[in-house]
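Colleague: fold the following and give me the result.
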Amino acid sequence: MPTQAPSKQPESSTEPQAGTTFPGEGLTAQQARDLQQGVDGGHQPWRLDRVQVAKAFVQQRFGWATVQAAADGPTSVVVTNQDGSKLTLQVSQPVTQGSHGIWVVDSGAWD
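Modeller: The predicted structure follows:
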């Protein structure tokens, strides 16, 4: 009986399939108001820049330290990791809109 060569297993990837979604920061309305109040008082001014919020989110959630990020429409930010992994984050201003409103990450999806 001939022997079969073992079949090659597909390489596992740590990156989920394109379109896979994940939750954002999950702040409650009160947490968002408290965060806005803190920023209004001069704390965490980076929260006023949606691209900086996106970078901080992927650093904390995925450990990505070196990224490229760019706004992609009024409420989306595309982030690319140095290894080529890419995702799109949906962001919002839950308390104050405009230049004085904080940004938070609502959700994301792998590209």
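
Colleague: which residues touch the residue nearest to residue 32 when sequence neighbours are not counted?
Modeller: What sits nearest to residue 32 in space, not counting adjacent residues and going by CB to CB, 6 or more residues apart in numbering, is residue 94, at 4.3 Å. For the C-beta atoms, the positions are set from N, CA and C on the backbone; glycine is no exception. Listed by CB atoms under 8 Å, 6 or more residues apart in numbering, the contact set of residue 94 reads 27, 29, 32, 36, 102, 104.

Colleague: now residue 94, what's its secondary structure?
Modeller: coil (DSSP: H, G, I helix; E, B strand; the rest coil).

Colleague: one more: residue 101?
Modeller: Going by three-state DSSP: residue 101 is coil.

Colleague: just checking, it touches residue 95?
Modeller: Yes: at 6.3 Å, residue 101 and residue 95 qualify as touching, with contact defined as CB atoms under 8 Å.
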